[in-house]
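K.L.:
Provided below are the primary sequence and the corresponding predicted coordinates.
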Amino acid sequence: MNNQTSSLDFTHFPVMLNEVIKISSPFFKNKIIDCTFGGGSYSKALLKFSKTNVLAIDRDKKVLADAKKLEKKYPKRFKFYQLKFSQLDTISINNADVVIFDLGLSSIQLDNFERGFSFKSNKKLNMTMGLNEISALDAINNLSEPDLKRVIKILGDEKEASKIAKNIINYRNKKKIINTNELVKIIEKSKKKNYSNKINPCTKTFQALRIFVNKEITELINGIINATKKLKPGGKILIISFHSIEDRIVKYFFTNFSKNKSRPSRYLPETKVVDTSLFEEYKNRILRPSNAEIIKNNRSRSAKLRFAIRSNNNFEYPIDLIKKFKNFLDLESINV
């Protein structure tokens with residue numbers, strides 16, 4: 001019996017699909033890389049334009065069934081690989097017109113309680129997106145108290161990380177933490193009773209664990225570097241982010257490696273400056289979901305879409321991006 005679940009079994013709403021289509025300009029003969037295939041919504045919409053070719057990747061094996069259907073429907077225009085962002089450079093495709101990233105957790109993953117992403121479930125802790133080295137079960141039961149505190153505080157922006165980490169250690173000294181419900185009770189016990197009703201008390205800790213387990217910051221940074229290598233001059237990179245860490249990285253990358261940054265101040269003496277910018281002038285424009293989309297899909301409310309245009313310059317590795325976010329990269333490299 002085949003137990004592989006198709007993503008079609010879960011409701012999936014692509015975020016800002018109309019905006020992605022408009023920016024991607026699939027009306028022309030385009031070569032597009034969809035780095036987060038998920039439910040396949042972006043790829044399917046882009047393939048409706050007869051001149052468009054799509055190469056898609058996703059680390060989640062649960063999407064394989066849908067990807068194979070699309071490969072069968074468009075054998076000459078669609079290809080799928082099960083890969084992480086950091087493995088994008090292993091694919092023999094260059095001079096792409098568009099690269100698309102839709103970051104964060106998909107509805108397909110969140111709504112499948114068996115995968116242990118949601119604090120609303122009472123299933124085994126897991127939170128793996130695919131091609132993982134560890135699970136949330138491993139992290140929560142093996143990280144030291146100082147490391148747990150750092151993960152929860154830095155990746156989840158949780159003010160009460162110290163108390164939560166301490167209570168996790170106290171609990172697991174008596175019994176291994178297995179299910180999401182056990183972790184929920186520990187977190188709720190640790191939080192102040194007057195916490196805001198606007199956000200569930202478990203949200204930030206669950207987010208932190210998910211980011212850590214999937215090395216999402218490491219994957220994002222390596223992914224956008226690899227994607228920039230794949231773009232042709234004038235090609236576009238589109239990134240939809242959902243939390244502040246992701247958006248900070250994207251904004252820094254687009255701003256600090258664009259022609260804006262390369263241009264010297266008019267108040268300084270004229271000197272010969274070598275332009276090594278990766279992107280054309282970046283205008284720091286942020287697109288957000290419409291009110292109508294948020295009503296239809298409430299999970300889209302925190303989404304931010306940024307895009308940049310590749311310059312004509314040769315690719316130079318953006319080492320300053322690595323240095324800027326080294327604390328996150330070091331944190332995700334902790335051995336469990």
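P.N.:
Alright, I've got the coordinates.
K.L.:
in a strand, R248, correct?
P.N.:
No. The assignment for R248 (DSSP: H, G, I helix; E, B strand; the rest coil) gives helix, which keeps it out of a strand.
K.L.:
look up how far K185 lies from it.
P.N.:
Distance from R248 to K185, counting by CB to CB, to the nearest Å: 32 Å. Glycine gets a C-beta too; all of them are placed from N, C-alpha and C.
K.L.:
repeat that for I224.
P.N.:
I224 sits 38 Å away from K185 when distances are taken as CB to CB.
K.L.:
neighbour count winner among these two?
P.N.:
I224 (23 against 15; other CB atoms under 10 Å).
K.L.:
and the pLDDT for that one?
P.N.:
The pLDDT attached to I224 in the predicted structure is 98.
K.L.:
ends of stretch 25-36, what's the gap?
P.N.:
Between the opening and closing residues of stretch 25-36 lies a distance of 19 Å (CA to CA, to the nearest Å).
K.L.:
pull the distance from that stretch to the chain's centre.
P.N.:
Relative to its chain's centre, stretch 25-36 lies at 19 Å (CA atoms, centre = their mean, to the nearest Å).
K.L.:
can you tell me how far the closest residue to S106 other than its chain neighbours sits from A165?
P.N.:
On the basis of CB to CB, 6 or more residues apart in numbering, the spatially nearest residue to S106 that is not a chain neighbour turns out to be G38, at 4.5 Å. Shown here: G38 relative to A165, a distance of 32 Å by CB to CB.
K.L.:
kindly report the same for K204.
P.N.:
Distance, K204 to A165, by CB to CB: 13 Å.
K.L.:
now for these two: what residues contact both?
P.N.:
Shared contacts of K204 and A165, defined by CB atoms under 8 Å, 6 or more residues apart in numbering, comprise I152.
K.L.:
what packs against the one helix or strand R306 maps to?
P.N.:
Here R306, judged by DSSP states H and E, is contained in strand 304-309. Counting contacts by 3 or more CB pairs under 8 Å, 6 or more residues apart in numbering; DSSP states H and E, strand 304-309 packs against helix 17-24, strand 231-241, helix 244-256.
K.L.:
just the helices in the stretch 201-336 of the chain please.
P.N.:
In the stretch 201-336 of the chain, helices defined by DSSP state H, counting those that start in this stretch lie at 203-214, 216-230, 244-256, 259-262, 291-296, 319-324, 326-332, listed in chain order.
K.L.:
tell me the pLDDT at the residue lying closest to N181 once chain neighbours are set aside?
P.N.:
With sequence-adjacent residues excluded and distances taken as CB to CB, 6+ apart, N181 is closest to N122, at 4.0 Å. Model confidence at N122, expressed as pLDDT, equals 85.
K.L.:
hmm, K189 and C202 touching each other?
P.N.:
No. At 11.3 Å, C202 does not count as touching K189 under the criterion of CB atoms under 8 Å.
K.L.:
so the two - more neighbours on which side?
P.N.:
C202 (21 against 12).
K.L.:
what's the spacing between that one and D66?
P.N.:
Applying CB to CB, the value for C202 to D66 is 30 Å.
K.L.:
so V54: helix, strand or coil?
P.N.:
V54 - assigned by three-state DSSP - is strand.
K.L.:
count of neighbours near it?
P.N.:
Here the neighbour count serves as a burial measure; for V54 (other CB under 10 Å) it reads 27.
K.L.:
and L46, what does it touch?
P.N.:
Contacts here follow CB under 8 Å, 6+ apart; on that basis L46 touches I21, S24, P26, N30, I32, D34, T52, V54.
K.L.:
I appreciate the help and will end here.
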